[in-house]
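[1] okay, predicted coordinates and the sequence, questions at the end:
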Amino acid sequence: MSSYTPSKIGADGYHGITDIQTRPLPDTVECQNVKSLPAIDVSKLKITLAKELKPLPELGPLTFGNVMSDHMLVLSYDPFTGWSDPEIRPYGGLNIEPASSCFQYSTNLFEGMKAYLGPDGKPRLFRPDMNMARMSRSATRAALPNFDGEALQILIKKLVAVDQRWIPSEPGYSLYVRPTMIGTRVGFGVAASQHAVLVVLLSPSGPYFPKSLATPRRRAWTTLLASATSIRAWPGGTGEYKLALNYTPCFAPQKDAEKQGYSQILWLLPVETPKGKQWKVTECGQMNFWIVLKRDDDGIELVTPILDGTILPGVTRDSLLQLGAQHNKGSPLPGLSPDLQITAREDTFYMSDILRWEQEGRLLEAFGSGTAAILAGVWKVGWEGRDIIFGTTMDDLLKGGEEDVNGLGPIGKALYERIVAIQLGKVEGHPWSVPCE
Ligand SMILES: *Cc1c(COP(=O)(O)O)cnc(C)c1O
């Protein structure tokens, strides 16, 4: 009779025999704060240029994120040797074992930012420190190795400089920067991955809503279906982190919404309140959600849901809150009267509030915000079998004709123009626009 001896399970969940198992694994927490292992060392950057450069794509048919530039940045982390020397090398495949944690347990996170060409012809990033801080929080939440955000930012700037010719200079175009981190621990043990690969990819991107999509009467509006069946994020969950696992469950409901004729979903959260069950408004599609309300005194209120743990803390969201608040404080938004009183605030609101504001004639505009689209105007929200129309300003807009951007109303358009001017480096010395040098 043969006897069976189960193999020992290692400190980070390894089953079976690997050479790594013969060495004690540092404990996860220790690993993340470890001082003795090499941190990202920018001075060790190795650049291998592509022998042949790709032809630049035609800008017209360019859709979001489908064409990759010539080069990528690659780093890896090993719990015994720390961060590898950073490498910029031709875009291409990664050698990753199929038993890696990222394929088994979705230990994946990502970021999204954009590079623009400034008026001086030099590449610029928009508030990259915010993306680095958020990426670091995502890494901690996913129990992946952490990293020095400032060092990574320097490396991203170098990558953008190497592929500078990929930054389109046409208005509405930019170079999308996609950092991704994946867990590469090999084995099926359900545990944190102390091994990771970090890659940064670049992809030229055009206007989120190409002109071809817009018809003369109904331009590039976003339409939302408010969902009472699928929940994107919940208290105590991971909605406030850019973890890949938050996005997969959204694809099937998104397809259903499209079948019903809507372009995106308005994600809600059912909550018990003193007034009974309410549907809290959270985000739309993969964007932060905004409502523009008319106040009794004819001022304007710009409202977005509070960061309650279910909301992704968008860089665009934070920027719009600040730009809105500055309108009456010396930095008026373009095209709006400086006398128009604007308050920008974070608040909790429910579908019942939206219905009440609709009845009171206060609903002026709604839009989504995020790096990809920047601002996307919402035309209608489907809820309980009918459509709530954000159309108080629609007539004005239609009269405006050609000037319409992303289906935005006058407030959304003013914010859009202001933030884009800063992103393009047209507002001289603005601290949010960071040169890549
Ligand atoms: C990335 C993202 C946003 C927008 O964040 P930005 O930093 O403005 O690009 C909003 N919601 C979700 C769910 C996101 O993933």
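    On my side now, so go ahead.
[2] around the ligand, pick out the residues from the stretch 301-437 of the chain.
    312, 314-317, 369-371 (C-beta under 6 Å from any ligand atom). For every residue, glycine as well, the C-beta is placed using N, CA and C.
[3] most neighbours among those, which one?
    residue 369 (27 neighbours; other C-beta atoms under 10 Å).
[4] how far away from the center of its chain is the helix or strand that residue 249 is a member of?
    Element membership for residue 249 (DSSP states H and E) is helix 248-259. With C-alpha atoms, centre = their mean, to the nearest Å as the basis, helix 248-259 stands 18 Å off its chain's centre.
[5] check whether it contacts the ligand.
    No - Helix 248-259 lies out of reach of the ligand by C-beta under 6 Å from any ligand atom, never closer than 8.5 Å.
[6] can you give me the helices in the chain?
    Under the criterion DSSP state H, helices of the chain are mapped to 28-33, 101-105, 128-141, 149-162, 248-259, 315-325, 351-359, 394-400, 410-423.
[7] give me the buried positions along the fifth one.
    Translated: helix 248-259. 250, 253-254, 257 (16 or more other C-beta atoms under 10 Å).
[8] among these, which one sits closest to the ligand?
    residue 250 (8.5 Å; C-beta to the nearest ligand atom).
[9] mind listing the residues bridging to residue 110?
    Legend: beta-bridge partners of residue 110 under DSSP bridges are residue 180.
[10] got a markdown table for the helices of the chain, with mean pLDDT too?
    Output for these, formatted as a markdown table (pLDDT from 0 to 100):
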| stretch | mean pLDDT |
| --- | --- |
| helix 28-33 | 47 |
| helix 101-105 | 98 |
| helix 128-141 | 98 |
| helix 149-162 | 98 |
| helix 248-259 | 95 |
| helix 315-325 | 98 |
| helix 351-359 | 97 |
| helix 394-400 | 46 |
| helix 410-423 | 94 |
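[11] just the ones you listed: most buried one?
    helix 410-423 (a mean of 22; mean count of other C-beta atoms under 10 Å).
[12] give me the helices and strands touching that one, please.
    With contacts taken as 3 or more C-beta pairs under 8 Å, 6 or more residues apart in numbering; DSSP states H and E, helix 410-423 sits against strand 123-126, strand 287-294, helix 315-325, strand 363-370, strand 374-383.
[13] who wins for proximity to residue 192 among these?
    Of all those, helix 315-325 sits nearest to residue 192, with 27.2 Å by C-beta to C-beta.
[14] quick one: that closest one to chain centroid distance?
    That offset, for helix 315-325, works out to 15 Å (C-alpha atoms, centre = their mean).
[15] equivalent analysis for stretch 250-262, please.
    Averaged C-alpha coordinates place stretch 250-262 at 20 Å from its chain's average position (C-alpha atoms, centre = their mean).
[16] who touches that stretch?
    Residues from elsewhere that reach stretch 250-262, judged by C-beta atoms under 8 Å, 6 or more residues apart in numbering: 223-225, 227, 229-230, 232, 263-265, 285-286, 382.
[17] what do you get if the cut-off is 6 Å, keeping everything else the same?
    223, 225, 227, 230, 265, 382 (C-beta atoms under 6 Å, 6 or more residues apart in numbering).
[18] pick out the most distant pair among those.
    223 and 230 (17.2 Å).
[19] the more surrounded of these two?
    Using other C-beta under 10 Å, the more surrounded residue of residue 223 and residue 230 is residue 223, with 19 against 15.
[20] and the more buried one, bridged to which residues?
    residue 380.
[21] contacting residues around it?
    Contacts for residue 223 (C-beta under 6 Å, 6+ apart) come out as 262-263, 379-380.
[22] quick one: pLDDT of it?
    Predicted confidence (pLDDT) for residue 223: 90.
[23] do you know how far it is from residue 285?
    Going from residue 223 to residue 285 by C-beta to C-beta, to the nearest Å gives 11 Å.
[24] again, but for residue 158
    Between residue 158 and residue 285 the distance is 32 Å, computed by C-beta to C-beta.
[25] let me know whether residue 332 touches residue 339 as I believe.
    No - using C-beta atoms under 6 Å, residue 332 is not in contact with residue 339; the gap is 9.1 Å.
[26] more neighbours: which of the two?
    Each of residue 332 and residue 339 has its neighbours counted (other C-beta under 10 Å); residue 332 has more, 17 against 8.
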